[in-house]
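Enquirer: Below is the sequence, then the predicted model.
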Amino acid sequence: MKNELLIAMDRDHLVHPVTAWRAHEAKGATVLESGKGLFLTDRDGRQLLDAFAGLWCVNIGYGQESVVEAAAAQMRRLPYATGYFGYTSEPTIRLADQLAGLSPDGLSRVFFTLGGSDAVDSAIRFITHYWNARGEPKRKHMIALDKGYHGSSSTSAGLTGLPAFHRQFDLPLRWQHHIPAPYAYRDPQGRSGDALVAASVAQLRAKVEELGVENVAAFFAEPVQGSGGVIVPPVGWLKAMERTCRELGILFVVDEVITGFGRTGPLFACEHEGVTPDLMSVAKGLTAGYAPMGALLMAEHVHAVIADGPDNHLPIGHGLTYSGHPVSAAVALEVLRLYLDGGILANGQVQGPRLAARLDGLTRHPLVGEVRYKGMLAAIELVADKGTKARFDASLGLADRLSAAGYERGIIFRAFADGTIGLAPALTATEEEVHAIVDRLTAALDDVLDQPEIRAALR
């Protein structure tokens, strides 16, 4: 089919996620044709270095034949098995067992979902059930971080701390609350390190006190705030928040949808500080984007309260048609094998410091206010004034300019609306590809800097 016809069909029928619909229709889609390693090829034949792993997810790169073979073999053997009525399939059982063994201590129970948003929705439902079963039905309020991202479904989007996911959706809901992000670069009091950790602890305590501890169910946090602009908290922050939740007697939920499966170095970002949450959501890197799947991991004590609660002879009414889908589970098992036995996790741990070293050099660029990173997850925050940290005026459309310049230079990255660039290359990246990412990114930044409107806005 001709590319022009595909673009026209897209314009007329396909609704894209997190997009200004009319603006997209005017611009038209870029149709991707194939992928291999870190590279994508579009229908115009342009080769693009994908420095964002699709959407933070293609951690093993494109074209891993063993994953394709695992999916095909499972489709031939058993393409679907329901988890209802007591049924399941071998790959689903094996995957649950492996995840329980690899995850932080105590997360022994696994509920499978289709992705991250419904993993968070499942967390919300199970948390509600947990406190009701414990005889504390007033505990309905949940707290998350400003600039946090916990999905875009009808309830998870309210925990997300980004205005775009609230606007015109009547969110957040009255029981959803946010405290400031541990964002050192833009902290209003200039705090960093231990001082910023202490501030977060105090803000969580204050919010719980304001709501009444008897009314608070849980606190949600990402180890690194991905969609909020790759905000990397100070060392010790996640552990301090875990300890505070324990002291307050509320559940601690860690969202590892982006950070899980080697993105920050270890298999899970919780490992950096020895954190064991009560619940942990995962997705993206679980199947490396090769098939839809997410999961909610649950501590044994949470599972026991629900399982042994009132009316425990009745079904616990939460389920999904495709929970534990056998093809997705087979894909995930092979992806886990590639991480652990195929050397991909170890390679990411080697390449992360190389990426960081190259990005540090970008701080000298006229557009760059700060670079920040954790493993193979990074951000470059652009500013119009390095002294005041003032952002570019929104009317300049900096994100669109960056994306267009990147495309011309043959690189895909995430250009956030506030002028931050997000990077999340596959863990399979070679040293040469790491250098190519930064070289192409630098060239794109130079191209944008050369635009008269941008240069005129610099102060």
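Expert: Received it, and whenever you're ready, just let me know what you need. Numbers count the residues shown, from 1 in each chain.

Enquirer: Extract the C-alpha trace of the helix or strand residue 347 falls within and format it as CSV.
Expert: Applying DSSP states H and E as the criterion places residue 347 in helix 344-360. Provided in CSV are the C-alpha atoms of helix 344-360 (Å, rounded to 0.1, in the frame of the first residue of the first chain):
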residue,chain,number,x,y,z
ILE,A,344,21.7,-7.7,28.0
LEU,A,345,21.3,-6.6,31.6
ALA,A,346,25.1,-6.7,32.0
ASN,A,347,25.7,-4.7,28.8
GLY,A,348,23.3,-2.0,30.0
GLN,A,349,25.3,-1.7,33.2
VAL,A,350,28.4,-1.1,31.1
GLN,A,351,26.9,1.3,28.7
GLY,A,352,25.1,3.5,31.3
PRO,A,353,28.3,5.2,32.6
ARG,A,354,29.5,5.8,29.0
LEU,A,355,26.2,7.5,28.2
ALA,A,356,26.4,9.6,31.4
ALA,A,357,30.0,10.7,30.6
ARG,A,358,29.0,11.8,27.1
LEU,A,359,25.9,13.6,28.3
ASP,A,360,27.9,15.5,31.0
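
Enquirer: Now do the domain split for the protein, please.
Expert: Domain segmentation of the chain under automatic domain parsing yields 31-63+343-457, 66-340.

Enquirer: To what extent is the nearest residue to residue 288 once chain neighbours are set aside buried, counted in neighbours?
Expert: Once flanking residues are discounted, residue 288 sits nearest to residue 60: 4.4 Å by C-beta to C-beta, 6 or more residues apart in numbering. Backbone N, C-alpha and C define where each C-beta goes, glycine included. Residues within reach of residue 60, counting by other C-beta atoms under 10 Å, total 29.

Enquirer: and residue 60, that one's in a helix?
Expert: No - the assignment for residue 60 (DSSP: H, G, I helix; E, B strand; the rest coil) gives coil, which keeps it out of a helix.

Enquirer: need the contact list for it.
Expert: Going by C-beta atoms under 8 Å, 6 or more residues apart in numbering, residue 60 touches 67, 288, 335, 338-339, 344, 426-428.

Enquirer: switch to 6 Å and redo it
Expert: Residue 60 makes contact with 288, 338, 344, according to C-beta atoms under 6 Å, 6 or more residues apart in numbering.

Enquirer: repeat for residue 261
Expert: By C-beta under 6 Å, 6+ apart, residue 261 lies in contact with 59, 285.

Enquirer: buried sites along the helix holding residue 347?
Expert: Neighbour-count burial for helix 344-360, with 16 or more other C-beta atoms under 10 Å as criterion, is recorded at 344-345, 347-349, 351-352, 354-356, 358-359.

Enquirer: Stretch 394-405 too?
Expert: 396, 398-399, 401-405.

Enquirer: Please apply the same query to stretch 371-382.
Expert: The neighbour-count check on stretch 371-382 (16+ other C-beta under 10 Å) flags 371-382 as buried.

Enquirer: Among these, which one lies nearest to residue 18?
Expert: Among these, residue 379 lies closest to residue 18 (C-beta to C-beta), at 17.9 Å.

Enquirer: In a strand, that closest one, correct?
Expert: Yes - counting by three-state DSSP, residue 379 is found in a strand.

Enquirer: ok, which stretches of the stretch 301-450 of the chain are helices?
Expert: Taking DSSP state H, counting those that start in this stretch as the test, the helices found in the stretch 301-450 of the chain are 326-340, 344-360, 398-408, 431-449.

Enquirer: Dump those helices into a markdown table; add mean pLDDT and distance to residue 106 as well.
Expert: Shown next, in a markdown table, are the helices of the stretch 301-450 of the chain (pLDDT from 0 to 100; distance: least, C-beta to C-beta, whole Å):
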| stretch | mean pLDDT | distance to residue 106 |
| --- | --- | --- |
| helix 326-340 | 98 | 20 |
| helix 344-360 | 98 | 22 |
| helix 398-408 | 98 | 41 |
| helix 431-449 | 98 | 36 |
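
Enquirer: okay if I get those as JSON lines plus distance to residue 248?
Expert: Formatted as JSON lines, these follow (distance: least, C-beta to C-beta, whole Å):
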{"stretch": "helix 326-340", "distance to residue 248": "34"}
{"stretch": "helix 344-360", "distance to residue 248": "34"}
{"stretch": "helix 398-408", "distance to residue 248": "38"}
{"stretch": "helix 431-449", "distance to residue 248": "42"}
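
Enquirer: wait, which of the ones you listed is closest to residue 125?
Expert: helix 326-340 (21.0 Å).

Enquirer: Report the buried residues of that closest one.
Expert: Buried positions in helix 326-340, judged by neighbour count with 16+ other C-beta under 10 Å: 326-336, 338-339.

Enquirer: Can you lay out those residues as TSV showing distance to residue 134?
Expert: Output for the buried residues of helix 326-340, formatted as TSV (distance: C-beta to C-beta, whole Å):
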residue	distance to residue 134
326	34
327	37
328	33
329	32
330	37
331	37
332	32
333	35
334	39
335	36
336	34
338	41
339	37
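
Enquirer: Pick the one among those closest to residue 201.
Expert: Nearest to residue 201 among the buried residues of helix 326-340, counting by C-beta to C-beta, is residue 339 at 33.2 Å.

Enquirer: Pretty sure the closest one sits against residue 346.
Expert: No - shown here, residue 339 and residue 346 do not form a contact pair, counting by C-beta atoms under 6 Å, at 8.9 Å.

Enquirer: how near is residue 395 to residue 401?
Expert: In this view, residue 395 and residue 401 are 12 Å apart by C-beta to C-beta, to the nearest Å.

Enquirer: Likewise for residue 431?
Expert: 30 Å.

Enquirer: Centre of the chain to stretch 369-388, how far?
Expert: Its chain's average C-alpha position is 18 Å from that of stretch 369-388, according to C-alpha atoms, centre = their mean, to the nearest Å.

Enquirer: Convert the C-alpha atoms of it to CSV, please.
Expert: Presented in CSV, the C-alpha positions along stretch 369-388 are these (Å, rounded to 0.1, in the frame of the first residue of the first chain):
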residue,chain,number,x,y,z
GLY,A,369,20.5,23.8,31.7
GLU,A,370,21.0,20.3,33.3
VAL,A,371,21.6,16.7,32.4
ARG,A,372,20.5,13.9,34.7
TYR,A,373,20.6,10.2,34.4
LYS,A,374,20.3,6.8,36.1
GLY,A,375,21.7,3.9,34.1
MET,A,376,20.3,3.9,30.6
LEU,A,377,17.7,6.5,31.5
ALA,A,378,18.5,10.2,31.0
ALA,A,379,17.2,13.7,30.4
ILE,A,380,18.6,17.0,29.1
GLU,A,381,16.7,20.0,30.3
LEU,A,382,16.9,23.0,28.0
VAL,A,383,16.6,26.5,29.2
ALA,A,384,16.5,30.0,27.7
ASP,A,385,18.5,31.4,30.6
LYS,A,386,21.1,29.3,32.4
GLY,A,387,21.3,31.7,35.3
THR,A,388,17.6,31.9,36.1
